[in-house]
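Asker: Quick one, structure for this:
(one chain, ligands or ions: 2)
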Amino acid sequence: MQQKGLITFDQFIASEQNKFPNVQGNLSRLFRHIQLASKLVNSDVRKAGLAGILGSAQNTNVQGEDQQKLDVLANNTFIKMIESSKTCAAILSEEVDEVYYCENNPKGKYIVAMDPLDGSSNIDVNASIGTIFSIYKRIDLDQPVSDADIYQKGREIVAGGYIIYGSSTMLVFSTGNGVNGFTLDSGIQEYCLSHPNMQMPAKEGIYSVNEGNMGTFPESVKRYIAKCKGETGEKPKSARYIGSLIADFHRNLIKGGIFMYPSTQSAPNGKLRLLYECVPMAFVAEQAGGKAHTGDIDVLDIVPNELHQRVPLYIGNKSMVEDLLQS
Ligand code: AHM
Ligand code: MG
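Answerer: Ligands and ions are numbered 1, 2, ... in the order given. Predicted coordinates:
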């Protein structure tokens with residue numbers, strides 16, 4: 001039963017839209033379609049083992065990574081639902097080599113960049129996975145989609161967030177006015193506001209990094225990790241690493257912590273993709289009072305130059321990221 005006083009995602013979006021009486025409702029419609037796509041993907045994720053959709057799709061994406069059946073399914077679902085919202089002119093996806101142009105709406109106001117199913121290596125082992133999305137406004141609607149529309153700085157983002165398919169399914173997002181989290185009530189299939197105005201706790205919590213790669217991390221990162229382990233006299237911090245950016249970030253958002261994916265010998269620019277992994281998470285982090293940096297620059301200040309560009313990522317509590325940068 002829906003609890004008294006709960007606000008659904010649709011109600012929340014409608015009340016936000018009502019604050020701007022002259023808007024046409026494109027963004028609200030886009031949100032509703034993203035939300036619906038996530039419910040469809042959630043349904044697939046929940047029955048994956050029964051529906052024969054676990055395992056590899058026997059394909060690799062442009063980045064040479066093995067595509068899982070659920071990666072492909074989630075990608076198709078999100079593209080179909082976003083395109084059918086008739087609000088977007090183009091979609092960028094981790095699973096699609098080139099820009100996907102929405103032929104039904106070439107003059108669409110928005111562009112979506114997404115990782116339809118992040119944390120693919122966790123699909124078969126029943127750990128949390130998720131969808132990451134960011135929404136940009138096109139620069140000149142009278143012109144065809146251009147590089148200027150696609151390679152916008154993170155600071156220009158209109159909205160960004162993620163859906164985590166975890167022990168419960170949550171949609172966490174921001175339009176630049178704080179971060180709100182909605183939990184999917186599986187009974188009524190509605191996202192309900194459960195985590196209003198999410199803020200990173202001031203408490204320095206967990207450090208989260210794939211320490212298997214430690215040997216080739218930059219020296220400054222090695223020094224910071226040594227500090228996290230208490231090797232320089234401080235109280236040691238707890239280590240937690242799921243290997244799913246969304247799950248690691250979401251835990252740190254609630255409990256306090258830092259997530260790191262530095263450059264390594266095999267991934268000299270880090271592993272995570274700027275446009276549809278780092279920027280939306282950085283936007284949520286900053287909106288929650290946190291920080292996201294590459295070691296050189298705030299993630300949101302980078303001017304992208306490639307569709308599937310990778311950057312190192314240090315994200316989480318502001319004080320922890322700053323401490324790392326000074327290490
Ligand atoms: P994916 O988009 O192919 O799933 O890869 C991204 C994931 C992130 O969710 C996670 O932070 C990272 O890869 C983990 O990488 P590693 O296994 O090298 O630690
Ligand atoms: Mg990913």
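Asker: Show the contacting residues for the closest residue in space to residue 175 that isn't next to it in sequence.
Answerer: Closest residue to residue 175 apart from its sequence neighbours, by CB to CB, 6 or more residues apart in numbering: residue 159 at 4.6 Å. C-betas here are computed from N, CA, C, even on glycine. Applying CB atoms under 8 Å, 6 or more residues apart in numbering to residue 159 gives the contacts 27, 31, 134-135, 173-176.
Asker: Among those residues, which ones are in helices?
Answerer: Mapping the contacts of residue 159 onto helices (DSSP state H) picks out 27, 31.
Asker: Drop the exposed ones from the contacts of residue 159 and show what's left.
Answerer: Buried members of the contacts of residue 159, counted by 16 or more other CB atoms under 10 Å: 27, 31, 134-135, 173-175.
Asker: So which of those residues is the closest to ligand 1?
Answerer: Of all the buried ones among the contacts of residue 159, residue 134 has the smallest distance to ligand 1: 14.7 Å, by CB to the nearest ligand atom.
Asker: give me the beta-bridge partners of the closest one?
Answerer: Assessed by DSSP bridges, residue 134 has beta-bridge partners residue 113, residue 160.
Asker: one step back: so the residue nearest to residue 175 versus residue 208, what's the distance?
Answerer: As judged by CB to CB, to the nearest Å, residue 159 and residue 208 stand 25 Å apart.
Asker: residues of stretch 233-246 that come out buried?
Answerer: In terms of neighbour count (16+ other CB under 10 Å), stretch 233-246 has its buried residues at 237, 240-242, 244-246.
Asker: swap that for stretch 301-308, sorry
Answerer: Within stretch 301-308, the residues scored as buried using 16+ other CB under 10 Å are 302, 304, 307-308.
Asker: got JSON lines for the residues you listed, with distance to residue 16 and pLDDT too?
Answerer: Below are these laid out as JSON lines (distance: CB to CB, whole Å; pLDDT from 0 to 100):
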{"residue": "302", "distance to residue 16": "28", "pLDDT": "98"}
{"residue": "304", "distance to residue 16": "28", "pLDDT": "97"}
{"residue": "307", "distance to residue 16": "30", "pLDDT": "96"}
{"residue": "308", "distance to residue 16": "32", "pLDDT": "96"}
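Asker: So which bits of the stretch 51-200 of the chain are right by ligand 2?
Answerer: 115, 118 (CB under 5 Å from the ion).
Asker: Can you name the residue of the stretch 51-200 of the chain nearest ligand 2?
Answerer: residue 118 (3.6 Å; CB to the ion).
Asker: Neighbours of that residue, how many?
Answerer: By the criterion of other CB atoms under 10 Å, residue 118 has 27 neighbours.
Asker: for residue 295, same thing?
Answerer: Neighbour count of residue 295, defined by other CB under 10 Å: 18.
Asker: Who are the contact partners of the nearest residue to it once chain neighbours are set aside?
Answerer: Once flanking residues are discounted, residue 295 sits nearest to residue 312: 5.4 Å by CB to CB, 6+ apart. Taking CB under 8 Å, 6+ apart, we find residue 312 in contact with 261-263, 269-270, 294-295.
Asker: Report the secondary structure state of the residue nearest the centre of the chain.
Answerer: Taking CA atoms, centre = their mean, the centroid of the chain lies closest to residue 132, which sits 3.2 Å from it. Put simply, residue 132 is strand when judged by DSSP: H, G, I helix; E, B strand; the rest coil.
Asker: What segments of the stretch 201-327 of the chain are strands?
Answerer: Counting by DSSP state E, counting those that start in this stretch, the stretch 201-327 of the chain has strands at residues 206-208, 257-261, 291-293, 313-316.
Asker: and residue 125, what pLDDT?
Answerer: pLDDT for residue 125: 88.
Asker: cool, residue 51 as well?
Answerer: pLDDT, residue 51: 64.
Asker: what's the closest non-adjacent residue to residue 89?
Answerer: Counting by CB to CB, 6+ apart, residue 108 is the residue found nearest to residue 89 once chain neighbours are left out, at 3.7 Å.
Asker: who touches the one you found in this structure?
Answerer: By CB under 8 Å, 6+ apart, residue 108 lies in contact with 86-90, 102, 138.
Asker: Which secondary structure element of the protein has the lowest mean pLDDT?
Answerer: The weakest-scoring helix or strand in the chain, judged by mean pLDDT, DSSP states H and E, is helix 48-51 (a mean of 68).
Asker: hmm, stretch 309-322 in reach of ligand 1?
Answerer: No: using CB under 6 Å from any ligand atom, stretch 309-322 never reaches ligand 1; the gap is at least 8.4 Å.
Asker: How about the residue of the stretch 51-200 of the chain closest to ligand 2: which residues does it bridge to?
Answerer: For residue 118, the beta-bridge partners are residue 130 (DSSP bridges).
Asker: how near is it to residue 20?
Answerer: Where residue 20 is concerned, residue 118 sits at a distance of 31 Å (CB to CB).
Asker: can you list the domains in the chain?
Answerer: Following automatic domain parsing, one finds the domains of the chain at 9-195, 206-325.
Asker: of all the residues in this protein, which ones are close to ligand 1?
Answerer: Residues of the chain lying near ligand 1 by CB under 6 Å from any ligand atom: 65, 94, 115, 118-121, 210, 243-245, 261, 271.
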